[in-house]
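S.K.: coordinates for the following, if possible.
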Amino acid sequence: MKSKKNLLLFIIAGALFAFIWFHERKEVSFTEKEANAKKVFTFKDDSVKTLNINTGTQTISLKRDKTDWTIVSPIASPADNMEADTIVRELSQLTIQRKMSPEELSPEAKELTGINKPAARIEGTSDNEKFLLKIGNESPTGDGLYVQKDGDPSIYVVNKGVKKTLIRPLDDLRRRVLIEITPKAITKIEFKQRSGTESRVTELVRDQNNRWRLVKPITGTADTDKINDLISRLDTGRIESFVAEDKADLKAYGLAEPAHEITIYQTTGIQSQTIQLGVAQPDQKRTYARIQNQPAVFTIPSDLASEISIGLTDLRNHKVMPMTAYQIDTIDIVPGTAKPISLKRVNRQWVIGTIPADLAAVNEFLDGLEVENISGFAGDSLSEPKAYGLDNPTYQFTIKSGKDVREVIIGKKDKAGWFAMSKDEPTVFILSNTFVTDLPKAQEVFYSREILALSTDEIQSLTMHKKQRVASLNRNPTTGSWALSANTQGVLLPQNLQATLSLLENLRATTVVPPGQNPVEIDKPDAIIELKTKEGTRRLKVGPETAKKTRLLIEEGKPTIYEISAETSRTLLMDIVLTQATAK
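M.R.: The predicted structure follows:
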């Protein structure tokens, strides 16, 4: 008898399933075609003010203020605006695929839709209405979901994919942005470290040049690049998981008296926010943390926690020159008791007074400053400059970039390196022996050794005066070939000419005679070389051979006196025309 009853129930359930399946598969009527073009709700997504998601085991309530969503129950917490907006947008765009009126559904069929005992209820308010959506079972075909809205006895079939969007766990709806900051608006940062009963606060402020400076516990330049990198990490930092809401649990997470804190001050939005760090999880990949005065305990990546817990030593500037080389426009050097060196950038060209400086030499000096790091710190105050040799400096240099100035004084040497300090802060630091040894000690290092900076294609004629002999050549502007001028007798020596022209194009000195010195030898030149170009005539005076077999050279009308090597001298003064006099 019992088996017959079970068989009867099985037949009835099968019939109901077949009815629903057939109902969904049958040809759509004209009325249903109209329904397919309609949406479940008529409100606009930006008009929704509140949401309640009830899954039977938990109710999540959200409220919108302008564009920001807040979770008001079961906890008070900022909501993830994107996730909340996605739910509202899904509701406002929810499209009917099938409509089943009450007349079409028997009580048994309705029971199978799950609407009488919905898996979730989503209700809310918009500007003009209240709304409620009941979410039932998935359809037997597996591609639909039964729903019903409040005030409408019909049951709709919608795309089942909306279920994952509409029914969300609490953690998915919580805002995971670590803190709300605007990097450019940050004006001050405080780091607090606790050890037992003692605590230490390190404070940094942003100066007018957009660089970070230490103001507590010491004053000095901070590592601006490192601070800006940390700000970028905080700006994009995300909470990985929420682990607790009860303040009573703080001790278990190392947050009752956090070992590390960072407070960000800014001029916009939330003007101060403090992140507190607890202990790391057993796997060391995540660290417990919280925002001060908020109940939630969450985890963040341990590498981010390590950056937040940075100490004073790592916050300090370790660069000798906290600027980039291309920004520098003035260099002043006092190499001990030697003559001061002053360089200035004028129209992209470096000069020493009126003399062009060697760009490669200047760049080498600036590049060395840019990459050199302070190797250590000897003291945070300068009560006894004599102890470091800073009362009588071995070397000083000042670099300027607009109003930004860095002045470094180097004192005496010990086994760790050279003691030094910057005039804008009292900290004594240490520079490596190699760096200090390689610093330029005389202005001649920076003199440009390029004499002509001229292409041979620019030369129209070449005349060489040597004692009683004159050789003059003209260049054909069309063919580029060279020929003797009308008043020059002899035979052109093409190989010698080519060597001379190549040398003139790349003519460089071995040294430059310091300004103010005017050797007598240059007043009695052994030779004068005239080069005519479109811009005019340039004359080089070549002095007699020195004891070192070198020669001095000066360009007429310019102050710089160069010394050229013996090899350069021989090539420059070789005969380019064979005459009876040279043949002898």
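
S.K.: all helices of this structure, in order?
M.R.: Counting by DSSP state H, residue ranges of the helices within the chain are 2-25, 30-36, 81-92, 107-113, 162-166, 170-173, 224-236, 302-308, 312-315, 359-371, 433-437, 494-505, 566-572, 580-583.

S.K.: which one of the ones you listed lies nearest to residue 393?
M.R.: Smallest distance to residue 393 across these (CB to CB): 11.5 Å, for helix 433-437. Quick note: C-beta positions are derived from backbone N, CA and C, even for glycine.

S.K.: list the buried residues of the closest one.
M.R.: 435, 436 (16 or more other CB atoms under 10 Å).

S.K.: domain-wise, how is the protein divided?
M.R.: Here the domain parsing of the chain from automatic domain parsing is 2-48+79-171, 183-315, 325-446, 456-583.

S.K.: can you put those in CSV and add distance to residue 73?
M.R.: Output for the domains of the chain, formatted as CSV (distance: least, CB to CB, whole Å):
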stretch, distance to residue 73
domain 2-48+79-171, 10
domain 183-315, 12
domain 325-446, 52
domain 456-583, 81
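
S.K.: neighbours of the closest residue in space to residue 72 that isn't next to it in sequence, how many?
M.R.: Leaving out its chain neighbours, the residue that sits closest to residue 72 by CB to CB, 6 or more residues apart in numbering is residue 61, at 4.9 Å. Counted by other CB atoms under 10 Å, the residues lying close to residue 61 total 16.

S.K.: list the contacts for the residue positioned nearest the centre of the chain?
M.R.: By CA atoms, centre = their mean, the chain has its centre lying nearest to residue 229, at 7.2 Å. The contact partners of residue 229, by CB atoms under 8 Å, 6 or more residues apart in numbering, come to residue 307.

S.K.: mind doing that once more with 7 Å?
M.R.: Neighbour list for residue 229: empty [criterion: CB atoms under 7 Å, 6 or more residues apart in numbering].

S.K.: what's the separation between it and residue 307?
M.R.: 8 Å (CB to CB, to the nearest Å).

S.K.: what of residue 53?
M.R.: Residue 53 is 36 Å from residue 307, by CB to CB.

S.K.: can you tell me how far residue 210 is from residue 536?
M.R.: Using CB to CB, residue 210 is found at 48 Å from residue 536.

S.K.: likewise residue 302?
M.R.: Residue 302 sits 71 Å away from residue 536, taking CB to CB as the criterion.

S.K.: more neighbours, the two?
M.R.: Taking neighbours as other CB under 10 Å, residue 302 and residue 536 compare with residue 302 leading, 16 against 8.

S.K.: next one: that one from residue 240, what distance?
M.R.: Residue 302 sits at a distance of 10 Å from residue 240 (criterion: CB to CB).

S.K.: and if you look at residue 263?
M.R.: Distance of residue 263 to residue 240, given as CB to CB: 22 Å.

S.K.: and what of residue 73?
M.R.: According to CB to CB, residue 73 stands 24 Å off from residue 240.

S.K.: could you give the number of residues near the closest residue to residue 319 other than its chain neighbours?
M.R.: Taking CB to CB, 6+ apart, and ignoring the residues beside it in sequence, residue 319 has residue 373 as its nearest neighbour in space, at 6.2 Å. Neighbour count for residue 373, taken as other CB under 10 Å: 13.

S.K.: what do you get for the one 4 residues further on?
M.R.: The local packing of residue 377 (other CB under 10 Å) involves 16 other residues.

S.K.: same deal with residue 412?
M.R.: As a burial measure, residue 412 scores 16 neighbours (other CB under 10 Å).

S.K.: lowest mean pLDDT among the helices and strands of the protein, which one is it?
M.R.: Within the chain, no helix or strand scores below helix 30-36, which has a mean of 44 by mean pLDDT, DSSP states H and E.

S.K.: quick one, grab the pLDDT at the closest residue to residue 156 other than its chain neighbours.
M.R.: Distances taken as CB to CB, 6+ apart put residue 96 closest to residue 156, at 4.8 Å, once the chain neighbours are dropped. Model confidence at residue 96, expressed as pLDDT, equals 94.

S.K.: hang on, residue 96 packs against residue 159?
M.R.: No: using CB atoms under 7 Å, residue 96 is not in contact with residue 159; the gap is 10.1 Å.

S.K.: higher neighbour count, these two?
M.R.: Neighbours per residue, other CB under 10 Å: of residue 96 and residue 159, the larger number sits with residue 96, 18 against 13.

S.K.: who's more crowded, residue 73 and residue 240?
M.R.: residue 240 (17 against 13).

S.K.: what's that one in contact with, if anything?
M.R.: Neighbouring residues of residue 240 by CB under 7 Å, 6+ apart: 286, 299, 300, 301.

S.K.: can you list the low-confidence ranges for this protein?
M.R.: 1-37, 247-248, 381-382, 516, 518, 520, 580-584 (pLDDT under 70).

S.K.: ok, which stretches of the stretch 301-450 of the chain are strands?
M.R.: Secondary structure of the stretch 301-450 of the chain by DSSP state E, counting those that start in this stretch: the strands cover 330-334, 341-346, 349-352, 355-356, 376-379, 395-401, 404-414, 417-422, 428-431.

S.K.: ok and the first one relative to strand 404-414, angle-wise?
M.R.: Interaxial angle, strand 330-334 versus strand 404-414 (axes from the mean of the first three to the mean of the last three CA atoms, to 10 degrees): 20 degrees.

S.K.: with only the CA atoms kept, save strand 330-334 in CSV.
M.R.: What follows is strand 330-334 as a C-alpha-only set of coordinates in CSV (Å, rounded to 0.1, in the frame of the first residue of the first chain):
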residue,chain,number,x,y,z
THR,A,330,74.8,76.7,-10.8
ILE,A,331,77.9,74.9,-9.3
ASP,A,332,80.3,76.5,-6.8
ILE,A,333,83.3,74.6,-5.5
VAL,A,334,85.8,75.5,-2.9
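
S.K.: run through who's touching it.
M.R.: Defining contact as CB under 7 Å, 6+ apart, one finds that strand 330-334 is touched by 340, 341, 342, 343, 344, 396, 397, 398, 399, 400, 440.

S.K.: reformat these as TSV; add distance to residue 140 and neighbour count.
M.R.: Output for these, formatted as TSV (distance: CB to CB, whole Å; neighbours: other CB atoms under 10 Å):
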residue	distance to residue 140	neighbour count
340	93	10
341	90	21
342	90	16
343	86	23
344	86	15
396	88	17
397	84	21
398	84	16
399	79	24
400	80	18
440	87	20
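
S.K.: returning to what we had before: wait, isn't the residue nearest to residue 72 in contact with residue 53?
M.R.: No: Residue 61 is beyond contact range of residue 53, at 8.1 Å (criterion: CB under 7 Å).

S.K.: my guess is residue 53 contacts residue 119. True?
M.R.: No: contact criterion CB under 7 Å: residue 53 and residue 119 do not qualify, at 11.2 Å.

S.K.: between these two, which one's more packed in?
M.R.: Neighbours were counted for residue 53 and for residue 119 using other CB under 10 Å; residue 53 has more, 22 against 17.

S.K.: just give the nearest non-adjacent residue to that one, would you?
M.R.: Excluding the flanking residues, the one nearest residue 53 by CB to CB, 6+ apart is residue 60, at 4.6 Å.

S.K.: got the contact list for that neighbour?
M.R.: Residues near residue 60 by CB under 7 Å, 6+ apart: 53, 71, 73, 170, 173.

S.K.: could you work out the most separated pair of the residues you listed?
M.R.: For the contacts of residue 60, the maximum inter-member distance is 11.6 Å, found between 73 and 173 (CB to CB).
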